[in-house]
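Engineer: Model the following, please.
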Amino acid sequence: MSTDHGLAPGDGLDVAGVRAAYPALRDGVAYLDGAAGTQTPEAVIEAIAGAYRAGIGNVGGAFPASDRAGALVDGCRAAVADLVGGRPEGVVLGANTTTLIHRFAGVLGAAWGPGDEIVLSRLDHDANVRPWVRAAERAGAVVRWAEVDPVSGELPAGQYDALLGARTRLVAVTAASNILGTRPDVAAITAKAHAVGALTYVDGVHATPHGPVDAAALGADFYATSAYKWSGPHLGAVVADPALLETLRPDKLACSPDGVPERFETGTLPFADLAGVTAAVDHLASLGGPRGGGPRRERLLASMAAVETYEQGLFATLLDGLRALPGVTLYGDPAHRTATAYFRVAGHTPSAVAGHLARRGVNVWSGHNYAWELTGSLGLRDTGGAVRAGLVHYNDASDVGRLLAGVAELAA
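Structural biologist: Numbers count the residues shown, from 1 in each chain. From the prediction side, this is the model:
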């Protein structure tokens with residue numbers, strides 16, 4: 001099935017065509033759980049199956065199946081680099097971003113010592129918090145915290161002036177909150193970090209599916225993303241300048257590759273899944289903007305801009321609908337955000353709301369959603385968190401309408 005749903009500039013997203021590319025959507029369920037993982041288009045499914053059908057060997061062999069595996073690796077690195085604005089030689093692949101963050105926390109933390117400092121944020125998913133905290137504990141380094149405004153859900157960049165200093169070694173920050181959608185001023189934060197000589201690790205897992213990404217413009221020395229959040233298989237990637245990766249020496253097997261980026265990758269990569277990652281990037285590149293040719297990076301920027309415009313329009317309907325319902329409390333009102341709502345319904349636990357919606361064919365999540373520090377700051381962590389509903393490019397007005405109808409049954 002073709003995934004070329006690109007339209008003429010200005011025409012936006014062909015949502016009906018996009019939805020037709022996703023077999024799972026034929027079950028009639030409103031998949032508003034994309035913040036935890038998206039559904040997969042036919043092209044990705046076929047790419048993975050096709051790789052297996054063709055036959056795959058491990059890399060480095062003197063036979064065609066090995067050559068095919070090598071081509072899949074190269075193609076995946078190039079695709080991820082195009083998606084976030086990096087270089088293929090700087091794309092490190094792994095089972096998921098949590099695993100990769102632990103990997104880099106071990107590598108970077110090995111160079112820290114007592115009195116060194118790292119700066120983390122309460123806005124982040126715990127995957128971009130706990131590995132760094134543990135690495136700091138092992139090194140005797142100090143952890144400093146950037147705080148979230150509990151009303152707006154903003155992460156003010158100005159506070160970093162007082163948090164950074166000559167001993168700051170790392171600043172880790174998210175490009176978007178996975179529960180509030182908050183998009184902090186990452187470029188301002190990383191500029192302050194670089195001014196004191198610190199490295200920056202930007203968690204782009206929640207941000208990448210919702211708009212164009214330029215990791216260099218964000219000032220990310222390391223940029224993390226997960227393919228299953230943007231219609232690909234379960235695979236993570238960290239993108240960095242190859243020259244920076246060359247300076248780092250991770251623990252590895254004596255006989256495993258020593259070049260960059262391979263030295264950071266433990267074990268054999270899932271070659272067929274890499275084909276799916278490339279297909280997912282190609283799918284995203286086809287979603288909007290000019291039809292046909294042009295560099296994939298340019299097509300991605302146009303497509304993801306169309307995605308962002310579409311999602312924000314649909315999200316406005318979702319927010320307005322929730323605000324109009326009695327007993328519904330929405331958390332966070334940041335100026336810049338992804339299409340992600342976090343809310344409670346008076347008289348009902350978040351898990352009960354999620355269960356009620358599931359029985360009506362609407363998929364949402366409830367709880368802390370791994371935003372451990374943030375739900376603590378909001379005073380929600382120990383009382384069940386809240387309900388999370390998130391939009392991606394294949395959601396439509398009927399999905400939003402079903403959510404609002406289901407919540408209205410409880411709020412009445």
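
Engineer: what about residue 260, neighbour count?
Structural biologist: Close neighbours of residue 260, defined as other C-beta atoms under 10 Å, add up to 19. (C-beta placed from N, C-alpha, C; glycine too.)

Engineer: Quick one: residues contacting it.
Structural biologist: 89, 90, 242, 245, 246 (C-beta atoms under 8 Å, 6 or more residues apart in numbering).

Engineer: ok, the last one - contacts?
Structural biologist: Under the criterion of C-beta under 8 Å, 6+ apart, the contact list for residue 246 reads residue 260.

Engineer: Let me have the contacts of residue 260 in a markdown table, extended by secondary structure.
Structural biologist: Formatted as a markdown table, these follow (DSSP: H, G, I helix; E, B strand; the rest coil):
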| residue | secondary structure |
| --- | --- |
| 89 | helix |
| 90 | helix |
| 242 | helix |
| 245 | helix |
| 246 | helix |
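
Engineer: I only care about the residues you listed that end up buried; give me the ChimeraX line for that.
Structural biologist: This is how ChimeraX selects the buried members of those, with burial counted by 16 or more other C-beta atoms under 10 Å:
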select :89,90,245
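
Engineer: In TSV, list the contacts of residue 260 along with pLDDT.
Structural biologist: TSV is the format used below for the contacts of residue 260 (pLDDT from 0 to 100):
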residue	pLDDT
89	98
90	98
242	98
245	98
246	98
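
Engineer: Looking at the contacts of residue 260, which is nearest residue 180?
Structural biologist: Nearest to residue 180, judged by C-beta to C-beta, of the contacts of residue 260 is residue 90 at 29.9 Å.

Engineer: Which residues are in contact with the closest residue to residue 140 other than its chain neighbours?
Structural biologist: Setting aside the residues directly before and after it, residue 140 is nearest to residue 114 in space (C-beta to C-beta, 6 or more residues apart in numbering), at 3.6 Å. Shown in contact with residue 114 (C-beta under 8 Å, 6+ apart): 139, 140, 141.

Engineer: For the second one, give me the backbone phi and psi.
Structural biologist: When you say that, I think you mean residue 140. phi 80, psi 20 (degrees, to the nearest 10).

Engineer: ok, of the contacts of residue 260, which one's closest to residue 362?
Structural biologist: Within those, proximity to residue 362 (C-beta to C-beta) peaks at residue 90, which comes in at 39.8 Å.

Engineer: Pull out the buried members of the contacts of residue 114.
Structural biologist: Using 16+ other C-beta under 10 Å as the burial test, the contacts of residue 114 include 139, 141 as buried.

Engineer: okay if I get the contacts of residue 114 as TSV plus distance to residue 207 and pLDDT?
Structural biologist: As requested, these are exported to TSV (distance: C-beta to C-beta, whole Å; pLDDT from 0 to 100):
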residue	distance to residue 207	pLDDT
139	29	98
140	32	98
141	27	98
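
Engineer: contacting residues for residue 329?
Structural biologist: By C-beta under 8 Å, 6+ apart, the residues touching residue 329 are 343, 344, 346.

Engineer: Quick check: buried residues in stretch 262-272?
Structural biologist: Neighbour counts over stretch 262-272 (16+ other C-beta under 10 Å) mark 263, 264, 265, 269, 270, 271, 272 as buried.

Engineer: what helix or strand is the closest residue to the fourth one other than its chain neighbours on?
Structural biologist: Put plainly, it is residue 269. Distances taken as C-beta to C-beta, 6+ apart put residue 93 closest to residue 269, at 5.8 Å, once the chain neighbours are dropped. Using DSSP states H and E, residue 93 sits in strand 91-94.

Engineer: Tell me which other helices or strands that strand touches.
Structural biologist: Applying 3 or more C-beta pairs under 8 Å, 6 or more residues apart in numbering; DSSP states H and E, we find strand 91-94 packed against helix 64-84, helix 97-109, strand 236-240.

Engineer: Save the ones you listed as JSON lines, and put in mean neighbour count, mean pLDDT and distance to residue 194 too.
Structural biologist: Listed next are the helices and strands packed on strand 91-94 as JSON lines, based on neighbours: other C-beta atoms under 10 Å; pLDDT from 0 to 100; distance: least, C-beta to C-beta, whole Å:
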{"stretch": "helix 64-84", "mean neighbour count": "20", "mean pLDDT": "98", "distance to residue 194": "19"}
{"stretch": "helix 97-109", "mean neighbour count": "21", "mean pLDDT": "98", "distance to residue 194": "15"}
{"stretch": "strand 236-240", "mean neighbour count": "27", "mean pLDDT": "98", "distance to residue 194": "14"}
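
Engineer: Enumerate every residue touching residue 343.
Structural biologist: Neighbouring residues of residue 343 by C-beta under 8 Å, 6+ apart: 322, 328, 329, 330, 331, 386, 387, 389.

Engineer: And the buried residues of stretch 262-272, which is closest to residue 337?
Structural biologist: Nearest to residue 337 among the buried residues of stretch 262-272, with distances taken as C-beta to C-beta, is residue 264, at 32.0 Å.

Engineer: Please give me every residue in contact with the closest one.
Structural biologist: With the criterion set at C-beta under 8 Å, 6+ apart, residue 264 makes contact with 92, 94, 100, 103, 104, 107, 238, 245, 248, 250.
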